[in-house]
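*Asks:* fold the following and give me the result.
(2 chains)
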Amino acid sequence: MEQSEIVRSIREKISNDVLGYHSYCGDETLVVRREALFNIMKILKEEFHFEMLVDICGVDFLGKEPRFEVVYHLNSLSRKMRLRVKVPVNEGEEVESLVPLYPIANWLERETWDMMGIRFANHPDLRRLLMYDGFVGHALRKDYPINKRQPLVKPKNEYR
Amino acid sequence: MSTDKTDQILADAPGSMMLNMGPSHPAMHGVIRIILELDGELVKKADLEIGFLHRAFEKHSESVTYNQVFPWTDRLNYVSPMINNFGYAMCVEKLLDIKVTPRCEYVRTVMSEIARLSDHLTCIGASAMELGAFTVFLYMIKAREWLYELIEDVCGARVTVSYARVGGVKADLPENFADRCRSSFKKIRETLKECDALLTRNRIFMDRMQGIGGISKDTAIGYGFTGVMLRACGVPYDVRRAYPYHAYDDLDFEIPVGENGDNFDRYLVRMEEMQQSMRIVEQALEKMPGGPVNVDHSRIEPARTVDEAKMGRIGEIYDQVVNVSPNLEGQEKEEYYQVNPDVKSVVIPPKQNSYTSIEGLMNHFKLIMYGHGIRPPKGEAYTCVEGGNGELGFYVVSDGSDIPYRVRVRAPCFTFVAGFHTMIEGAMIADIIPTFGSINMIAGELDH
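*Replies:* Next up, the predicted model:
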């Protein structure tokens, strides 16, 4: 089957939950509803052979509504095709964790939480990944200043 | 946090011991901390902590122009920086819908494979050294030195190369590069033969590698493994074949796969891949197409250039090569024309144009000045290349300005470290070291 046909059949299958679709630069992209994400991913994995979750990342569109987008990149080894699934998320909203489907989602979601502050529901262990525990804020948000410093070492007199 | 974790582990499993491995453990390369729960010497549970080398690549990329991201990408996987360069360049080119010249595709292929060779040499050398085979380390680092010399010939730097540009590369290959490459490869082949004799049938090496650190095919795919780690499990997935880029489609090479997915298979796959890489480079150098020479390359005297330009007779000297040695940049070759396409919105014009004609000068400044620069249309693109470790992906979101809105790197060894605990749980402490060596963790890309 051609890639576009596969994507068409995916869209027909989950037509109620698809908010948008484009194939800009040849990257097939689906924008789906946040609540339906887990089921969609399950369908994609089990029926459409997207065995590999390549990447999860967040994009912060500060000033827009909804503010964030969580971007999932999928790869099908058997069909040699890729698919991007995007989920619009607002501040404070949670996305269902994909750990039961793809174990790699564990760390990728932790990183997204760490960097973007997007929470994942039912994640087994949602800790920060790259930053330390006492870090305040989420570094990759657009409203986090690039020059901001949070030194771990306190000034001498604070220990007294 | 660490104390909480320790207390919790001890409370959950009385009688077991908690051990901190790293970040100052030499085999952890100073950048990984493993919190181990041990029963005697058996690893019952492992929790990895990363982020010690977090340098905010993605955040920094959002504050510089598209071409200024290249030096950051050098520092992702710092043993094969060429591939990172090209991966990012491909992503921006995809956004801009630019096709690079055939010669540039071949140059990129050659340099990628040289980078892959140096990556594998470092990985095997370092992991062999961690098992006590210091000779192999020295041999392989020496072999890598020959490759670094080649890279230095091409771009002037050894490690932080910044060789790629959007729409092409910084400069064409130097003269006699093919011959120098061949003679280096001859030496490297001999070195590899020696290392093969030292390691492959070595009892000590085999005992520590065979059957250790194995991972099943399904777990590996679930954890998003790519590259050598996945191929060692028997999955013949290689980005160069699955989604061909550069000139890989025209070249003949094999994808070695393993069977058991253990450390020894990874070692064998890497050894074979190096042979294949050399094969690719030799073929590519054979087939290297000439550049699209679209200008008259008659040379012109420098004094005449200035005189003509003063009189406004630009048309006559435009696109001619200034005959000085060294000229303003020490360049006598027509390199920009040969490797880079003639896309004015992206590629900086040849120096003789920017110094002698107003069009060239304007073109140059339009690309260099802050607030102008390369401006991909609004949109997003993801490209992947086969990095030294596996699928190296770049996801760039553009908002139409000259600064990338979001740059995301999909680091291959991030997935390996995420799945590392499955490889060592149930094994002995001593098995951690060869296993960790075989995943070729590069903290630069792991921690972004």
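*Asks:* please enumerate the helices of the stretch 151-300 of chain B.
*Replies:* For the stretch 151-300 of chain B, the helices defined by DSSP state H, counting those that start in this stretch occupy B:177-199, B:203-209, B:217-222, B:227-231, B:239-242, B:263-287.
*Asks:* could you say which of these is packed most deeply?
*Replies:* helix B:227-231 (a mean of 28; mean count of other CB atoms under 10 Å in any protein chain shown). For the C-beta atoms, the positions are set from N, CA and C on the backbone; glycine is no exception.
*Asks:* now stretch B:28-36: how far from the chain's centre is it?
*Replies:* Mean-position distance between stretch B:28-36 and its chain equals 23 Å (CA atoms, centre = their mean, to the nearest Å).
*Asks:* and the residue most central in space within chain A, how far from chain B?
*Replies:* When CA atoms, centre = their mean is applied to chain A, the residue found nearest the centroid is residue A:70 (3.4 Å). Remark: distance between residue A:70 and chain B (CB to the nearest CB, to the nearest Å) = 12 Å.
*Asks:* now the strands for chain A?
*Replies:* With DSSP state E applied, chain A shows strands at A:18-22, A:29-32, A:52-60, A:68-76, A:81-89, A:94-96, A:119-121, listed in chain order.
*Asks:* which stretch in these has the least confidence?
*Replies:* Taking each of the strands of chain A in turn, the lowest mean pLDDT turns up on strand A:18-22, with a mean of 86.
*Asks:* output the contacting helices and strands for that one.
*Replies:* helix A:3-13, strand A:29-32 (3 or more CB pairs under 8 Å, 6 or more residues apart in numbering or on different chains; DSSP states H and E).
*Asks:* one more pass at 10 Å, please.
*Replies:* helix A:3-13, strand A:29-32, strand A:81-89 (3 or more CB pairs under 10 Å, 6 or more residues apart in numbering or on different chains; DSSP states H and E).
*Asks:* can you give me the buried ones in stretch A:78-85?
*Replies:* Within stretch A:78-85, the residues scored as buried using 16 or more other CB atoms under 10 Å in any protein chain shown are A:81, A:82, A:83, A:84, A:85.
*Asks:* do any residues in the least confident helix or strand in chain A by mean pLDDT lie close to chain B?
*Replies:* In chain A, no helix or strand scores lower on mean pLDDT, DSSP states H and E than helix A:3-13, which sits at a mean of 83. No: Helix A:3-13 does not reach chain B (CB under 10 Å from any CB of the partner chain); its nearest approach is 11.7 Å.
*Asks:* quick one: that helix to strand A:81-89, angle?
*Replies:* 40 degrees (axes from the mean of the first three to the mean of the last three CA atoms, to 10 degrees).
*Asks:* what distance do you get for the residue sitting furthest away from the middle of chain B to chain A?
*Replies:* Distance to the chain centre peaks in chain B at residue B:311, reaching 48.1 Å (criterion: CA atoms, centre = their mean). To chain A, residue B:311 is 46 Å away according to CB to the nearest CB.
*Asks:* ok, now which ones touch residue 121?
*Replies:* You didn't pick a chain, so chain A it is. Counting by CB atoms under 10 Å, 6 or more residues apart in numbering or on different chains, residue A:121 touches A:38, A:93, A:94, A:95, A:96, A:97.
*Asks:* you answered for a different chain; I wanted chain B.
*Replies:* For residue B:121, counting by CB under 10 Å, 6+ apart, the contacting residues are B:79, B:137, B:139-147, B:188, B:191-192, B:195, B:270, B:274.
*Asks:* try residue B:377
*Replies:* Contacts of residue B:377 (CB under 10 Å, 6+ apart): A:24, A:25, B:95, B:96, B:97, B:398, B:399, B:400.
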